[in-house]
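Participant: Below are the sequence and a predicted model for it; my questions follow.
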Amino acid sequence: MSQLIRAPLRRTGWLACVSSLAPRLQVVVAPSSRSLALTPKPRHYSSRPIETPTVPTASEARKKVTIQTIASLYRKKTPITMVTAFDYPTGILADRGHCDICLVGDSLAMVALGYDSTAMLTVHDMIHHSNAVARGCTKAFRVVDMPTGSYQISPEEALTNAFRLVKEGRAEAVKVEGGVEIADTVRRIVQAGIPVMGHIGLKPQHETALGGFKIQGKTAKKAEIILQDALALQEAGCFSLVIECVPSQVGETITQLLHIPTIGIGAGAHTSGQVLVNMDMLGIFDRFVPKFCKVYGHFGRDMAKAVEQYCTEVRNGQFPDPESHSYAMASPKEQEEWAAIAKNYTRNA
Ligand SMILES: Nc1nc(=O)c2c([nH]1)NC[C@@H]1CN(c3ccc(C(=O)N[C@@H](CCC(=O)O)C(=O)O)cc3)CN21
Ligand SMILES: CC(C)C(=O)C(=O)O
């Protein structure tokens with residue numbers, strides 16, 4: 001036991017979980033080589049635990065969020081929380097933050113891949129990112145954006161691509177932007193058993209047609225078109241709708257007129273839930289910050305500071321520390337022998 005887990009003095013964070021599992025795994029004494037191969041071996045980490053644990057244990061214990069959980073939160077008028085994720089660590093973050101829904105949004109094109117818009121993303125890109133998120137996010141309900149061009153050609157092609165996101169990308173639901181014009185497509189996907197989230201108001205995939213990321217529904221007539229889109233998507237079977245960048249009154253009234261939950265982003269305080277892009281609310285993406293976004297931490301700045309400090313310490317010899325960040329030979333005797341061996345070698349010019 002002591003050889004397998006060299007218990008550090010401070011057992012915190014993930015290492016605490018690993019070492020607390022170890023005794024249970026250890027009592028399995030393998031009677032044959034076959035079962036030996038099946039016995040899970042505790043992993044040995046010689047690294048120290050991180051100083052500040054990031055795992056509140058209660059979060060690990062929380063139940064899987066399903067589509068019924070979402071419906072139940074909506075019935076109880078409990079605000080529904082959604083945050084975006086695009087890879088393994090941000091998927092973990094969605095779970096540890098106790099988010100109900102984790103959205104693999106196509107905003108990842110801008111915040112994770114550095115594109116100027118979401119237009120260039122492919123189904124393959126979304127599968128790649130969604131899979132990484134699914135490895136980190138196992139509790140929140142995972143919704144994956146269908147990239148532009150993957151659902152507009154025909155309902156058949158949309159269904160094929162939705163199934164790819166489910167089968168290859170482990171999506172639990174897909175999200176599509178649009179209204180009346182995509183209702184048949186939504187119906188087709190829903191009938192095949194894949195939950196669909198709609199997205200109305202500002203549709204970032206229509207950016208060039210709209211002339212930019214602009215507030216939608218500022219006049220009563222334009223707000224009514226958004227309402228009609230909402231009703232068409234509800235009718236087609238969407239389990240929920242994102243409403244983006246509309247006046248609060250529009251977000252509120254549409255929410256009141258629907259019997260499915262609305263998730264707002266820049267749609268005021270009276271939608272059934274809220275969503276933000278992770279890198280915006282963490283203060284990491286700073287190419288632009290939409291007015292609707294609240295920045296909850298300045299991690300971009302802090303991360304840059306940390307990398308800068310590391311470089312400074314390497315340059316001035318402070319890192320690595322000869323004790324805490326370095327390894328020793330097996331014994332002083334081995335060390336002496338190694339020095340003696342090294343003397344037999346000369347440096348090539
Ligand atoms: N980082 C990031 N955050 C997002 O929320 C986001 C993306 N990327 N990419 C895809 C879409 C684009 N979105 C955006 C982007 C910018 C604004 C924005 O700056 N809007 C103006 C409104 C201007 C007006 O019409 O008056 C604002 O001032 O908030 C809004 C939504 C939302 N999505
Ligand atoms: C802005 C949110 C709702 C989204 O669709 C995305 O992240 O792509």
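Facilitator: Sure thing, it's come through. Ligands and ions are numbered 1, 2, ... in the order given.

Participant: In this structure, which residue sits nearest ligand 2?
Facilitator: Nearest residue of the chain to ligand 2, counting by CB to the nearest ligand atom: residue 105, 2.2 Å away. The way it works is simple: take the backbone N, C-alpha and C, and place the C-beta from them, glycine included.

Participant: got the contact list for the nearest residue to that residue once chain neighbours are set aside?
Facilitator: Nearest non-adjacent residue to residue 105, counting by CB to CB, 6 or more residues apart in numbering: residue 84, 4.4 Å away. By CB atoms under 8 Å, 6 or more residues apart in numbering, the contact set of residue 84 is 90, 102-105, 107-108, 111, 275-279.

Participant: what's the answer for residue 89, then?
Facilitator: Applying CB under 8 Å, 6+ apart, one finds that residue 89 lies in contact with residue 136.

Participant: The helix or strand containing it near ligand 1 at all?
Facilitator: Using DSSP states H and E, residue 89 sits in helix 88-96. No: Helix 88-96 does not reach ligand 1 (CB under 6 Å from any ligand atom); its nearest approach is 13.1 Å.

Participant: which bits of the stretch 201-349 of the chain sit near ligand 2?
Facilitator: By the rule CB under 6 Å from any ligand atom, the part of the stretch 201-349 of the chain lying against ligand 2 is 242, 244, 265, 275, 277.

Participant: want to throw these into JSON lines with secondary structure and pLDDT?
Facilitator: Listed next are these as JSON lines, based on DSSP: H, G, I helix; E, B strand; the rest coil; pLDDT from 0 to 100:
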{"residue": "242", "secondary structure": "strand", "pLDDT": "98"}
{"residue": "244", "secondary structure": "strand", "pLDDT": "98"}
{"residue": "265", "secondary structure": "strand", "pLDDT": "98"}
{"residue": "275", "secondary structure": "strand", "pLDDT": "98"}
{"residue": "277", "secondary structure": "coil", "pLDDT": "98"}
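
Participant: will you turn these into JSON lines that also has distance to residue 320?
Facilitator: Shown next, in JSON lines, are these (distance: CB to CB, whole Å):
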{"residue": "242", "distance to residue 320": "47"}
{"residue": "244", "distance to residue 320": "47"}
{"residue": "265", "distance to residue 320": "44"}
{"residue": "275", "distance to residue 320": "42"}
{"residue": "277", "distance to residue 320": "36"}
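
Participant: Can you sort out which of those residues also neighbour ligand 1?
Facilitator: Near ligand 1, judged by CB under 6 Å from any ligand atom, the entries from those are residue 277.

Participant: Just name the closest of the residues of the stretch 201-349 of the chain next to ligand 2 to ligand 1, please.
Facilitator: Looking across those and measuring by CB to the nearest ligand atom, the closest to ligand 1 is residue 277, at 3.8 Å.

Participant: and that closest one, what does it touch?
Facilitator: Residues near residue 277 by CB under 8 Å, 6+ apart: 84, 105, 107, 111, 285, 293.
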